[in-house]
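Novice: what follows is a protein structure lacking sequence information:
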């Protein structure tokens, strides 16, 4: 199958690329890793204004989705520019809440779509961590047939937070009679677990949380949310790999040895060509999976898993190529490339390790 984006989708990609280039994302990533979330949350609001978080939220809740192809377009760009934060988790939470329905969906989905809430997510079978839970307004977890929601401390600093007099009743903080929230006070997520990528802050969700939905429908909604998380992570991995390859090609054109650019050496050309092939083979798998998701095809889960394996491995191979061809300068923190190098492997393993995804493909 030959897959081509239409004019609108290509323009969407160009507009996101321009937005993120102007935002100086390397500085945003450095700040996020250091605990300064303000620039990242400002960028979060701008991405919401561009419609990124509405792509997986049903129209009935203020979104425009689900639109898997456009989601792939967006997350390739987010991966290429290295945008930090629980982007995948917020989109997957939109799918999960949309499938579960109920009062929680009515409260949180419009906020996810508009970017006034940051939501993180942890699901059984995908690891014990919730990404950037310290910034999240809510952390969703599913255990069996129960969907639980823990309100986080992120409301004080998140994109929907209010400031100044009367901040407790601002758009980031739902209120009840008398100005109280009517719900348990937010609690912090504890200390983060060390990650290969300092800008990916991993937290174990606290036990408990408010049960917001229960029953067999929750299990099915969680399965759909997990599939979308795998899909969006595959797109991020592809974008990350593209950024690494682009930076490496530019570098080997500039670095010289024996009076000529090192990029003119045959061994270097072959390594770059192999990296490009891996990324280009992953791309149609990603967009093919998007089409299957859009059609609700029975094999969509296996298609997403195949795309995740291909994109994750290709992105990680691009990181290894970039590190080798940049030499010692490649892993220094002074070089922005180091942040993409550190991200490639976590993206390969997040929301479905290669072995788990291969097993899913074989299961059909």
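Specialist: Good, I have the coordinates. In this text, all values refer to a predicted model and were calculated from it rather than measured experimentally.
Novice: distance of the closest residue to residue 128 other than its chain neighbours from residue 33?
Specialist: Excluding the flanking residues, the one nearest residue 128 by Cβ to Cβ, 6 or more residues apart in numbering is residue 204, at 5.6 Å. Every residue, glycine included, has its C-beta placed from N, CA and C. Using Cβ to Cβ, to the nearest Å, we find residue 204 at a distance of 19 Å from residue 33.
Novice: over to residue 323?
Specialist: 19 Å.
Novice: which parts of the protein are helices?
Specialist: Using DSSP state H, the helices of the chain run over 7-22, 25-33, 38-49, 68-81, 87-100, 103-114, 216-254, 266-295, 300-326, 337-349, 354-363.
Novice: mind checking the pLDDT average for the fourth one?
Specialist: Summarised as a single mean, pLDDT over helix 68-81 is 98.
Novice: pLDDT below threshold where in the stretch 201-350 of the chain?
Specialist: Nowhere does the stretch 201-350 of the chain drop to pLDDT under 70.
Novice: actually the stretch 51-200 of the chain, not the one I typed
Specialist: If you take pLDDT under 70 as the line, the stretch 51-200 of the chain has these spans: 153-189.
Novice: what about 50?
Specialist: 155-157, 162-187 (pLDDT under 50).
Novice: so which of the helices of the chain is nearest residue 144?
Specialist: Minimum separation from residue 144 across the helices of the chain (Cβ to Cβ) falls at helix 216-254, 7.3 Å.
Novice: between the closest one and helix 300-326, how big is the angle?
Specialist: In terms of direction (axes from the mean of the first three to the mean of the last three Cα atoms, to 10 degrees), helix 216-254 departs from helix 300-326 by 20 degrees.
Novice: in helix 216-254, what's buried?
Specialist: Buried positions in helix 216-254, judged by neighbour count with 16 or more other Cβ atoms under 10 Å: 218-219, 221-245, 247-249, 251-252.
Novice: what's the answer for stretch 295-303, then?
Specialist: For stretch 295-303, by 16+ other Cβ under 10 Å, it's 300-303.
Novice: okay, the helices of the chain in TSV with distance to residue 143 next?
Specialist: Formatted as TSV, the helices of the chain follow (distance: least, Cβ to Cβ, whole Å):
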stretch	distance to residue 143
helix 7-22	35
helix 25-33	29
helix 38-49	28
helix 68-81	27
helix 87-100	13
helix 103-114	15
helix 216-254	10
helix 266-295	25
helix 300-326	21
helix 337-349	22
helix 354-363	19
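Novice: circling back to that earlier point, just checking, the residue nearest to residue 128 touches residue 190?
Specialist: Yes - here residue 204 reaches residue 190: they are 6.9 Å apart, a contact under Cβ atoms under 8 Å.
Novice: those two: which has the busier surroundings?
Specialist: residue 204 (16 against 12; other Cβ atoms under 10 Å).
Novice: ok, now how distant is residue 143 from residue 124?
Specialist: From residue 143 to residue 124 the distance is 7 Å (Cβ to Cβ).
Novice: now do residue 363
Specialist: From residue 363 to residue 124 the distance is 17 Å (Cβ to Cβ).
Novice: neighbour-wise, which of the two wins?
Specialist: With neighbours defined as other Cβ under 10 Å, residue 363 and residue 124 compare such that residue 124 has more, 13 against 9.
Novice: now do the contacts for the more buried one.
Specialist: 142-143, 222 (Cβ atoms under 8 Å, 6 or more residues apart in numbering).
Novice: which among the residues you listed gets closest to residue 73?
Specialist: residue 222 (25.4 Å).
Novice: I figured the closest one hits residue 147, correct?
Specialist: Yes - look at residue 222 against residue 147 with Cβ under 8 Å: they come within range, at 7.4 Å.
Novice: intersection of neighbour lists for these two?
Specialist: residue 96.
Novice: residue 362: how many residues sit nearby?
Specialist: Residues near residue 362, counting by other Cβ under 10 Å: 9.
Novice: how about it, what does it touch?
Specialist: Taking Cβ under 8 Å, 6+ apart, one finds nothing in contact with residue 362.
Novice: got it, and residue 129?
Specialist: 122, 193, 202-204.
Novice: ok, residue 233 next?
Specialist: 75, 88, 308, 312, 347, 350-352.
Novice: looking at those, which is nearest residue 24?
Specialist: Nearest to residue 24 among those, with distances taken as Cβ to Cβ, is residue 75, at 20.0 Å.
Novice: how much space is there between the spatially most central residue of the chain and residue 137?
Specialist: Geometric centre of the chain, nearest residue: residue 88, 3.0 Å, by Cα atoms, centre = their mean. According to Cβ to Cβ, residue 88 and residue 137 sit 16 Å apart.
Novice: buried stuff in stretch 262-275?
Specialist: Buried residues in stretch 262-275 (16+ other Cβ under 10 Å): 262-263, 268, 271-272, 275.
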